[in-house]
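In: just need the structure, nothing else, for what follows:
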Amino acid sequence: MANTFNNANVKLTTTNITDLYQAPTTASSVAIVLSVLVANVDGVNSADITLTKTDSSNTEQTRIAFTVPVPADSTLEAIPNKLVLKAGEKIRGTASAANDLDITVSVLEITP
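Out: Below you'll find the model as predicted:
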């Protein structure tokens, strides 16, 4: 099994649900999400973040965070503990305001 540290950086430029990270799709692969940081780059206004975990066809499995406010000029650690994603599962995000939230997802990918 190969262990690879990886990250994804996404700017939420709309208020539509957006893919943030997808675990490798190879059978028997897993991804251990180590951290999800949400930075509000708006200097004045708070913005809300919603994070969901879905399967590879975007069917929601659970909500990780639901309309959690991120104050202006601050960062929220939305997943402070580990979260395991099976092959093809995703973390998706929705912002309450376009262009205010930047997301960094840090993961350990384990592939056969």
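In: in the sheet, who's paired with the closest residue to residue 11 other than its chain neighbours?
Out: Distances taken as C-beta to C-beta, 6 or more residues apart in numbering put residue 102 closest to residue 11, at 5.2 Å, once the chain neighbours are dropped. Where you see a C-beta, it was placed from the backbone N, CA and C, and this is true even at glycine. With DSSP bridges as the criterion, residue 102 is bridged to residue 11, residue 39.
In: and the next helix or strand past whichever helix or strand residue 51 is part of?
Out: Element membership of residue 51 [criterion: DSSP states H and E] is strand 47-54. Note on strand 47-54: by DSSP H and E, the next helix or strand toward the C-terminus is strand 60-70.
In: that next one pairs with which strands?
Out: strand 47-54 (antiparallel).
In: list of residues touching the strand it pairs with?
Out: For strand 47-54, the surrounding residues in contact (C-beta atoms under 8 Å, 6 or more residues apart in numbering) are 17, 20, 36, 38, 40, 60-70, 76, 78-79, 83, 85, 89-97, 100-101.
In: for it, list the C-alpha coordinates in CSV.
Out: C-alpha atoms of strand 47-54 as CSV (Å, rounded to 0.1, in the frame of the first residue of the first chain):
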residue,chain,number,x,y,z
ALA,A,47,-19.8,34.1,5.5
ASP,A,48,-21.4,30.7,6.3
ILE,A,49,-19.9,27.3,5.2
THR,A,50,-21.8,24.0,4.7
LEU,A,51,-19.7,20.9,4.2
THR,A,52,-21.1,17.5,3.2
LYS,A,53,-19.8,14.0,2.6
THR,A,54,-21.1,12.3,-0.5
